[in-house]
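> just need the structure, nothing else, for what follows:
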Amino acid sequence: MRNLSRADQEQFEKAKDLIESEPAEIGYVKSLFFGRLKSGQVLPYPHQDAEEARRTDELIARLDEFLKREVDADKIDAEERIPQHVIDGLGELGVMGMTVPTEFGGGGFSHTAYCRVLEHVARHCTSTAVLIGAHQSIGLKALMLMGTPQQKQAYLPALARGEMLAAFCLSEPQVGSDAANVQTTARLSEDGAYWILDGQKKYATNAALAGFLTVMAATPVTENGKTRNKVTAFIVTPDLPGFEIIRPNCSKCGIRGSWQAELRFTGMRVPADRVLGGVGKGLKVAFSVLNFGRCTLSAGCVGGAKQALEMSIDRVKSRRQFGRSISEFHLVKEKIARMAETVFAMDAMTYLAAGLVDRHVEDLMLETAACKLFCSEAAWRVIDDAVQLWGGEGYMRETGLERMLRDARINRIVEGTTEVMTAFVSLVGLKGVGEDLEHSLHWAKHPVGNFGRLAHFAREQFGDVVVGHKLEGLHPDLAAEGRMIARLTKSLARDVIRILGTYREKILDMELIHQRFAGAAVELYAMTAVISKLQRMIEQREAGSASESYDRDMIVGQSFCRNAAARVEQQLHSLFDNHDTELLHTADTVLGIPPKSNGKSIKHNGEGQ
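The predicted model follows:
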């Protein structure tokens with residue numbers, strides 16, 4: 001890129017590693033930034049086939065009995081450990097290897113089935129759900145996705161049975177969400193037989209208990225005559241000399257029964273055949289794995305939020321104050337309505353994303369990121385509202401709500417903090433539009449020989465942001481919601497072009513703008529998921545199999561869409577009418593950061609950032 005410092009150029013090279021290969025067809029959320037609606041990706045709403053749904057129902061029934069009999073969530077929280085008999089029992093039920101192919105001893109279940117089970121476990125005990133998710137969603141997932149047949153045969157059977165736990169090791173003392181900057185290093189031995197690892201990892205869930213670890217390390221890679229460090233994924237087992245558990249667990253605010261270890265590798269020799277996905281391909285491995293992890297984390301959020309909503313409904317219907325049921329008070333009704341809308345949207349988004357995973361959609365990084373971003377924030381709000389509705393009793397340990405609240409807090413941090421995921425959704429979405437815009441500006445300056453491409457861009461832009469698109473195939477009962485999405489998507493695309501055309505490369509650092517674009521895109525995806533789910537409900541009703549909750553769910557889902565549309569409109573409006581300059585100046589004053597030497601700030605519409 002032009003005018004980049006050496007440090008910025010290095011960061012740019014690392015950023016390219018995250019998006020090495022563009023998919024042949026962009027996903028639904030990316031398409032929103034262009035003003036397009038890829039109806040075929042979100043309609044019809046995905047569902048399990050009858051046979052797998054039956055198998056999943058049977059597993060959940062057995063699991064429910066086991067959880068009630070063997071899993072004491074309060075005791076696990078107090079003692080900060082999950083008993084071995086619980087782990088063994090989950091293995092015997094088949095939960096620990098649900099998604100592992102049957103040829104390796106697993107259940108061969110879909111991702112949708114797995115999310116249903118994780119949701120159910122999270123309703124009962126979040127710590128146990130975290131242990132399962134760390135093992136299966138991310139710990140062994142790289143092996144399933146990128147492993148060689150020999151690697152899979154060596155490890156997957158024991159992992160599927162739960163006889164061996166898996167862990168995913170990315171975070172380090174100086175590295176959190178910045179995955180491209182891992183400090184753990186790996187160098188190839190002179191004879192090429194081993195990789196020699198040195199470094200530390202922290203907050204690695206299950207790592208102190210695991211027999212299989214996926215570890216990320218920086219390795220020298222030569223490309224086009226230039227050598228630089230790129231991330232590589234390795235299979236590590238605790239029997240390797242130089243493997244050390246510095247601390248097996250960290251006492252935490254929530255999810256206290258799960259264990260997060262700190263590890264040290266000192267001259268640890270890892271056999272050369274334990275590379276996963278190829279040398280220098282670790283970021284691709286990590287992001288592929290995190291697509292699954294973010295989706296199942298969302299399922300856990302759904303489970304906790306549903307439990308909190310049900311507890312709140314029971315509470316407000318039975319509790320009386322001032323001679324009346326508290327369900328009669330409008331401020332209570334407001335919370336219940338908001339909670340119900342949010343939980344419905346969380347569920348719709350999560351299982352739409354799970355369906356995309358099961359369809360092997362190539363580009364779903366923004367769908368899973370948006371799902372994680374929405375659900376992690378939403379679960380926190382729903383459970384917090386539940387504590388409020390229960391009043392002082394909700395603050396006490398007996399109800400379990402205070403534990404649920406503590407457990408829910410970590411979801412806004414793990415697998416990409418809210419702040420990182422916000423920037424990720426926005427910048428990945430803006431990237432494609434920005435490249436098209438950059439090319440069009442270049443063509444406009446050098447029109448000779450480029451008239452065809454200019455005309456194509458003009459036609460696309462006119463169709464996307466002037467004419468607009470619509471969500472095809474909706475039932476007439478959902479026509480109003482479909483028009484909302486079409487109108488707001490066109491507005492989003494128009495504002496993307498306006499902002500990018502104004503600020504170009506400067507947009508990379510305008511995080512308050514990122515927040516608004518990401519907020520709008522995530523809400524639009526949530527609306528789409530809700531509409532798609534409502535469409536399926538209508539089709540089931542017309543086929544004579546409507547659920548008992550049909551009328552309630554239609555009201556709740558359509559209400560969510562109306563309120564989400566208002567939030568999108570506010571996000572887009574505030575792109576150009578805000579007080580960002582004042583906000584940033586206040587923060588700099590508090591932090592003691594002096595004004596920039598040139599005294600300039602980026603301004604738009606009288607305001608700045």
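
> compute the distance between Pro248 and Ala50, please.
Using C-beta to C-beta, to the nearest Å, one gets 44 Å for the distance from Pro248 to Ala50. In this view, the C-beta of every residue, glycine as well, is placed from N, C-alpha and C.

> which of those two has more residues huddled nearby?
The neighbour comparison of Pro248 against Ala50 (other C-beta atoms under 10 Å) goes to Pro248, with 13 against 8.

> list the contacts of the more buried one.
Contacts were defined as C-beta atoms under 8 Å, 6 or more residues apart in numbering; by that measure Pro248 touches 208, 259, 261.

> quick one, strands of the stretch 251-400 of the chain?
Using DSSP state E, counting those that start in this stretch, the strands assigned to the stretch 251-400 of the chain run over residues 260-271, 275-276, 320-321, 324-325.

> for the chain, same thing?
Taking DSSP state E to define them, one finds strands in the chain at 166-169, 185-188, 194-205, 212-223, 226-236, 243-247, 260-271, 275-276, 320-321, 324-325, 603-604, 607-608.

> nearest to Gly176, of those?
Between Gly176 and those, the shortest gap by C-beta to C-beta is with strand 194-205, which sits at 8.6 Å.

> pick the most buried one from the strands of the stretch 251-400 of the chain.
Ranked by average neighbour count under the criterion mean count of other C-beta atoms under 10 Å, the strands of the stretch 251-400 of the chain are headed by strand 275-276 at a mean of 22.

> so what's Leu575 up against?
495, 499, 513, 516-517, 604.

> send me stretch 305-323 as CSV with only the CA atoms.
Presented in CSV, the C-alpha positions along stretch 305-323 are these (Å, rounded to 0.1, in the frame of the first residue of the first chain):
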residue,chain,number,x,y,z
ALA,A,305,-30.6,-16.4,28.2
LYS,A,306,-33.5,-18.8,27.7
GLN,A,307,-33.1,-20.1,31.3
ALA,A,308,-33.1,-16.5,32.6
LEU,A,309,-36.1,-15.5,30.6
GLU,A,310,-38.1,-18.5,31.8
MET,A,311,-37.2,-17.8,35.4
SER,A,312,-38.2,-14.1,35.0
ILE,A,313,-41.6,-14.9,33.5
ASP,A,314,-42.3,-17.3,36.4
ARG,A,315,-41.1,-14.7,38.9
VAL,A,316,-43.2,-11.7,37.6
LYS,A,317,-46.3,-13.8,37.3
SER,A,318,-46.1,-15.0,40.9
ARG,A,319,-44.6,-12.0,42.7
ARG,A,320,-46.9,-9.4,44.2
GLN,A,321,-46.1,-5.9,45.3
PHE,A,322,-48.3,-2.9,46.3
GLY,A,323,-51.3,-5.3,46.2
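
> longest helix anywhere in this structure?
Across the chain, the longest stretch assigned as helix under DSSP state H is helix 282-318.

> related to what we said a few turns ago, mind putting the contacts of Pro248 into CSV with distance to Ala217 and pLDDT?
Below are the contacts of Pro248 laid out as CSV (distance: C-beta to C-beta, whole Å; pLDDT from 0 to 100):
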residue, distance to Ala217, pLDDT
Ala208, 19, 98
Trp259, 22, 98
Ala261, 17, 98
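
> relative to Val182, which of those residues is nearest.
Ranked by distance to Val182 (C-beta to C-beta), the contacts of Pro248 are led by Ala261 at 16.9 Å.

> in the sheet, who's paired with the closest one?
When bridges are assigned using DSSP bridges, the partners listed for Ala261 are Ala204.

> check contacts around it.
Taking C-beta under 8 Å, 6+ apart as the contact definition, Ala261 lies against 167, 201-202, 204, 206-208, 245-249.

> selection in PyMOL covering whichever of these are buried, please.
Here is the PyMOL command that picks out the buried ones among these, judged by 16 or more other C-beta atoms under 10 Å:
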select buried, resi 167+201+202+204+206+207+208+249
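
> make TSV from the contacts of Ala261 and add distance to Arg403 to it.
As requested, those are arranged in TSV below (distance: C-beta to C-beta, whole Å):
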residue	distance to Arg403
Ala167	24
Lys201	28
Lys202	24
Ala204	23
Asn206	21
Ala207	24
Ala208	23
Ile245	27
Ile246	28
Arg247	24
Pro248	22
Asn249	18
